[in-house]
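Asks: sequence first, predicted coordinates after that:
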Amino acid sequence: MFNNTYLLPTMHSTILVTGGAGFIGSNLIKYILEHSNTHIVNLDALTYAGNLQNLTDVELDSRYTFVHGSIQNAEIVRYVLRRYNISGIINCAAESHVDRSIQSAQPFVDTNINGTLVLLEAAKEYGIRRFLQMSTDEVYGSLGAEGFFTEETPLQPNSPYSASKAASDCLVRSFVHTHNLDAVITRCSNNYGPYQFPEKLIPLMISNAVNDISLPVYGDGMNVRDWIYVTDHCSGVWQAYQHGKAGEVYNFGGKSEKYNIDVVKMILQGVGKDESLITYVKDRPGHDKRYAIDCTKAERELQWQPTVTFEEGLAKTIAWYQDNNAWVENVRSGAYLAYYAKQYQQ
Ligand code: NAD
Ligand code: TDX
């Protein structure tokens, strides 16, 4: 079925996952450990979004190792590649929240652009056999009422976050073409599921609803996002890592376009709370209207499909947040409260 099966991990191949203490990274590490014999080193700086509690299920697994450090630090990155004989890299480490990039763009340039460059240079130096850059559909900009992003859609990032992701994608592409690095880029739509930091729409609205705090909807609530359950994204990334063609981009989406206001109302219904909790607040500057993904390339070339419907995934996610209020309370602490107050002051 696949031509380049030489990339299938052998019994003892060890890969580096960066940003593995974050939302998608932690779900991805668990997914890979469950579906292969691969050993994983997780290099994470433990920013506000990184949380080792996301990985308690696997911390005793002999195939898993955590290293605390930044992808901006070339010495640590080179040490990890040498020390653990790393054969491949999946780069999930990033500053990932659009609203924070509007408050302050510098950390996005530092990690998303400079950090990715550090990884690329080290990958070149140590002959890394496969590099996967986890990117986002936001690099394509915004859609009107019609159409979908394909892998050929021009890059038109609109926020400092998406601009930094587009820049890192361009760096990855340049290392493929100039240095023959074996790299693929994945671009996914909005993820949701367990362990997502409650600054993003779905976990924020669930946590607020559970705690009877008002639900702040930006603008008129008519912006559209294409929602994908996080394990569907993880399966796509793992397929692309193993079977993607060097230099190619693969889009992933959940085929679940929704208006924000409809998502919020579904959450209130799921939690059993009243719509009077909804508050319309000042719109996000430069707010992208609509994202929608055409993922036929991944379906055709990677035999990948999203498997979780939005209704099913949302019910599982609501149940997870209700069952893990201690996790939520732990992250909704000092720095989070300061961020929240600044972001939602009217
Ligand atoms: P997240 O914010 O939950 O986690 C990011 C992780 O990266 C954290 O553990 C953090 O500590 C770590 N990190 C940050 N800076 C670092 C540095 N300099 N060195 C090492 N680690 C560092 O993000 P997420 O939602 O899990 O997103 C993961 C990746 O997927 C990002 O690259 C993001 O752009 C991309 N992505 C996210 C979505 C989504 O909907 N969340 C969709 C498409 C693509
Ligand atoms: O309080 C809110 N109110 C609100 O109306 C928040 C936090 C968001 N929104 C809206 C803005 C967006 O239209 O909900 C939508 C989703 O917002 P986010 O969860 O912040 O996601 P988005 O900006 O779409 O970006 C996400 O998808 C692509 C991730 O955060 C990125 O990391 C990913 O690359």
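Replies: Looks like it arrived, so ask away. Numbering: from 1, shown residues only. Ligands and ions are numbered 1, 2, ... in the order given.
Asks: up against ligand 2, what does the stretch 201-346 of the chain have?
Replies: Applying Cβ under 6 Å from any ligand atom, we find that the stretch 201-346 of the chain lies next to ligand 2 at 201, 204, 216, 217, 218, 223, 225, 260, 284. (C-beta placed from N, C-alpha, C; glycine too.)
Asks: what residues are up against the fifth one?
Replies: Put plainly, it is residue 218. 260, 281, 282, 283, 284, 287 (Cβ atoms under 8 Å, 6 or more residues apart in numbering).
Asks: wait, the second one sits on residue 220?
Replies: Read it as residue 281. No - with contact defined as Cβ atoms under 8 Å, residue 281 does not reach residue 220; the gap is 11.1 Å.
Asks: quick one, which of those two is more surrounded?
Replies: Ranked by neighbour count (other Cβ atoms under 10 Å), residue 281 and residue 220 place residue 281 first, with 15 against 11.
Asks: what's the neighbour count on the closest residue to the more buried one other than its chain neighbours?
Replies: With Cβ to Cβ, 6 or more residues apart in numbering as the criterion, residue 281 has its nearest non-adjacent residue at 4.4 Å, and that residue is residue 216. The burial count assigned to residue 216 is 19, neighbours taken as other Cβ under 10 Å.
Asks: could I get the contacting residues of residue 216?
Replies: 208, 279, 281, 344.
Asks: could you check how far it is from residue 226?
Replies: To residue 226, residue 216 is 22 Å away according to Cβ to Cβ, to the nearest Å.
Asks: re the thing from before, among the contacts of residue 216, who's most crowded?
Replies: residue 208 (23 neighbours).
Asks: name the helix or strand for that residue, please.
Replies: helix 201-210 (DSSP states H and E).
Asks: same question for residue 191.
Replies: strand 190-192.
Asks: for that strand, packing partners?
Replies: helix 201-210, strand 224-229, helix 230-243, helix 310-323 (3 or more Cβ pairs under 8 Å, 6 or more residues apart in numbering; DSSP states H and E).
Asks: pLDDT on it, on average?
Replies: For strand 190-192, mean pLDDT rounds to 98.
Asks: now do it: distance to the chain's middle.
Replies: 8 Å (Cα atoms, centre = their mean, to the nearest Å).
Asks: show me the contact partners of that strand.
Replies: Counting by Cβ under 8 Å, 6+ apart, 23-24, 200-203, 225-230, 233, 254, 291, 313-314, 317 sit against strand 190-192.
Asks: what would the helices and strands packed on strand 190-192 look like in CSV with mean pLDDT and distance to residue 192?
Replies: CSV is the format used below for the helices and strands packed on strand 190-192 (pLDDT from 0 to 100; distance: least, Cβ to Cβ, whole Å):
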stretch, mean pLDDT, distance to residue 192
helix 201-210, 97, 4
strand 224-229, 98, 6
helix 230-243, 98, 7
helix 310-323, 98, 6
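Asks: nearest to residue 91, out of these?
Replies: Nearest to residue 91, of all those, is helix 230-243, at 10.7 Å by Cβ to Cβ.
Asks: the following helix or strand past that closest one pairs with which strands?
Replies: Heading C-terminal from helix 230-243, the first helix or strand you meet, by DSSP H and E, is strand 249-252. With DSSP bridges as the test, strand 249-252 is paired with strand 183-188 (parallel).
Asks: close to ligand 1: what parts of the chain are there?
Replies: Counting by Cβ under 6 Å from any ligand atom, the chain comes close to ligand 1 at 18-19, 21-25, 43-47, 49-50, 70-72, 92-94, 96, 111, 115, 134, 136, 165, 188, 190-191, 197.
Asks: mind giving me the ChimeraX command for buried ones among those?
Replies: In ChimeraX, a selection of the buried entries from these looks like this (16 or more other Cβ atoms under 10 Å):
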select :18,19,21,22,23,24,25,43,44,45,47,49,50,70,71,72,92,93,94,96,111,115,134,136,165,188,190,191,197
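Asks: mind telling me what element residue 75 is part of?
Replies: helix 74-83.
Asks: list the contacts of that helix.
Replies: Helix 74-83 is contacted by residues 16, 41, 43, 67, 69-71, 86, 118-119, 121-123, 125-126, 128 when judged by Cβ under 8 Å, 6+ apart.
Asks: buried ones in that helix, by neighbour count?
Replies: So for helix 74-83, counting by 16+ other Cβ under 10 Å, buried means 74, 76, 77, 80, 81.
Asks: scan the chain for its longest helix.
Replies: Assignment by DSSP state H gives helix 160-179 as the longest helix of the chain.
Asks: quick one, what contacts the residue of the chain found nearest ligand 1?
Replies: Closest residue of the chain to ligand 1, Cβ to the nearest ligand atom: residue 22 (2.0 Å). Residue 22 makes contact with 44, 49, 50, 51, 54, 92, 93, 96, 197, according to Cβ under 8 Å, 6+ apart.
Asks: residue 19 is in contact with the fourth one, correct?
Replies: To tie it back to what came earlier, the one meant is residue 51. No - in this structure, residue 51 is not within contact of residue 19 by Cβ under 8 Å, at 11.5 Å.
Asks: may I see the contacts of residue 216 organised as JSON lines, with secondary structure and distance to residue 146 added?
Replies: Output for those, formatted as JSON lines (DSSP: H, G, I helix; E, B strand; the rest coil; distance: Cβ to Cβ, whole Å):
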{"residue": "208", "secondary structure": "helix", "distance to residue 146": "33"}
{"residue": "279", "secondary structure": "strand", "distance to residue 146": "31"}
{"residue": "281", "secondary structure": "strand", "distance to residue 146": "28"}
{"residue": "344", "secondary structure": "helix", "distance to residue 146": "33"}
